[in-house]
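*Asks:* give me a 3D structure for the following:
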Amino acid sequence: MVPTIGLSETSPAGTDSISAGDDRIREYKTQNREVLSVDHDYPTSGQSATAGNHKQVTLTEATDIGSGATGVPILGAQTIDDKPELVYTDEDDNDVQITKAGDLYPSQSTTLADWSAILNLIYPIGYVVTLGVSTNPGTLFGIGTWAAIEGKVIVGLSASGTFVSLDGTGGEETHLLTGAESGVPAHTHTVTGMDGYAAGHDIIAARNNYGGPTIAQASAANTAAAASSAHQNLQPYIVKHVWQRTA
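*Replies:* Have a look, this model is predicted:
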C-alpha cells in the first residue's frame with residue numbers, strides 16, 4: 001500500500017507560518033499510521049489492546065540482504081533465480097535458504113537442490129526396504145524404480161561357501177529326503193517260511209525222520225526301496241513387503 005500522504009523531512013519549513021503547524025502534525029500522524037499499519041495493528045483513533053502488534057511481516061526483496069553482524073543474524077528476502085525467497089543469514093554471513101518456488105526449502109544447505117536429492121542419498125540404487133504396507137516405494141518416496149522380492153529371505157554375502165553370489169537364489173520350502181539323508185537307504189530282508197503247515201524247524205525235522213510228509217523250507221527277498229518322504233523346511237518367519245531399488 002502506498003501512503004496517501006508522502007513523507008517529507010523538509011516540512012514544515014522554517015519559513016512556514018506557525019499557524020500551519022497543526023496541519024503538519026495531523027499529516028505526520030496520518031503518514032506514520034499508513035506506513036506502520038502495513039504490518040502492524042495501528043488504529044486511526046482511540047486505544048486498542050492489540051495496537052502495535054504484528055499483523056504480518058513484509059520483507060523487501062534484495063539481491064543480497066547483507067553480511068550478518070556478530071550476534072545479530074538477519075532474516076530477509078533475497079533474490080534467487082529471479083524470485084524473492086526467504087533467507088536466513090547467520091553472523092558469519094552464511095545464507096540458509098528457507099523457501100523455494102512457493103514451498104519450504106527442504107535442506108539446510110544451498111548445495112542440495114530439493115527433497116528428491118536428499119531421498120536419493122538415503123535410498124540409492126540397490127537399497128532394500130521392508131514395509132508393512134503394499135505401496136510401491138516409488139510412490140511412497142517419490143523416487144526411483146523398485147522391484148518386489150517375493151517368497152525369499154535375505155542372507156549376507158559371503159566370501160566362501162553357499163552365499164558367494166550377489167542376488168543368488170536357492171533353497172526350498174519343502175525337501176524330499178533321499179535314502180541317505182533319512183538314514184534308511186535301500187536294502188532287502190530275507191523272509192523264510194515253509195510250504196506246509198508246520199510251525200517250526202524242529203517239527204519239520206521230526207516229520208521228515210518218522211516218514212511223514214516232507215516239508216521243505218522256502219525263502220524270498222522283499223523289493224529294495226529307500227525310506228524317502230518330504231518334510232517342511234521353514235525357519236520361523238514373518239511376512240512383509242520387501243523391495244529393492246533397481247533404477
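
*Asks:* domain assignment for the protein?
*Replies:* Under automatic domain parsing, the residue ranges defining each domain of the chain are 1-56, 61-113.

*Asks:* got those as CSV, with distance to residue 181 and mean neighbour count columns?
*Replies:* For every residue, glycine as well, the C-beta is placed using N, CA and C. CSV is the format used below for those (distance: least, Cβ to Cβ, whole Å; neighbours: other Cβ atoms under 10 Å):
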stretch, distance to residue 181, mean neighbour count
domain 1-56, 79, 11
domain 61-113, 57, 13
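
*Asks:* between those, which gets the lowest average pLDDT?
*Replies:* The weakest mean pLDDT among those belongs to domain 61-113, with a mean of 77.

*Asks:* ok, then the element right after the longest helix that the chain contains?
*Replies:* Ranked by residue count and defined by DSSP state H, the top helix of the chain is helix 21-36. Note on helix 21-36: by DSSP states H and E, the next helix or strand toward the C-terminus is strand 61-62.

*Asks:* show me what that following strand is packed up against.
*Replies:* Judged by 3 or more Cβ pairs under 8 Å, 6 or more residues apart in numbering; DSSP states H and E, the packing partners of strand 61-62 are strand 74-80.

*Asks:* can you tell me the strand partners of the strand it packs on and which way each runs?
*Replies:* When pairs are called by DSSP bridges, strand 74-80 turns out to pair with strand 61-62 (parallel), strand 83-89 (antiparallel).

*Asks:* and the domains of the chain: which comes nearest residue 242?
*Replies:* domain 61-113 (27.7 Å; Cβ to Cβ).

*Asks:* need the strands paired with strand 74-80 in JSON lines (columns: distance to residue 19).
*Replies:* Formatted as JSON lines, the strands paired with strand 74-80 follow (distance: least, Cβ to Cβ, whole Å):
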{"stretch": "strand 61-62", "distance to residue 19": "43"}
{"stretch": "strand 83-89", "distance to residue 19": "46"}
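
*Asks:* in TSV, list the domains of the chain along with distance to residue 173.
*Replies:* Formatted as TSV, the domains of the chain follow (distance: least, Cβ to Cβ, whole Å):
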stretch	distance to residue 173
domain 1-56	65
domain 61-113	44
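
*Asks:* among the ones you listed, which is nearest residue 144?
*Replies:* Using Cβ to Cβ as the measure, domain 61-113 is the one of the domains of the chain that comes nearest residue 144, at 16.4 Å.

*Asks:* re the thing from before, to residue 10, which of the strands paired with strand 74-80 lies closest?
*Replies:* strand 61-62 (27.6 Å).

*Asks:* contact partners of the closest one?
*Replies:* For strand 61-62, contacts defined as Cβ atoms under 8 Å, 6 or more residues apart in numbering pick out 76-79, 84.

*Asks:* taking those, tell me the two that lie furthest apart.
*Replies:* 76 and 79 (10.8 Å).

*Asks:* residues contacting the residue lying closest to residue 20 once chain neighbours are set aside?
*Replies:* Spatial nearest neighbour of residue 20, excluding adjacent residues (Cβ to Cβ, 6 or more residues apart in numbering): residue 12 at 6.0 Å. Shown in contact with residue 12 (Cβ under 8 Å, 6+ apart): 20-21, 24.

*Asks:* then residue 156?
*Replies:* Going by Cβ under 8 Å, 6+ apart, residue 156 touches residue 163.

*Asks:* how much space separates it from residue 2?
*Replies:* 70 Å (Cβ to Cβ, to the nearest Å).
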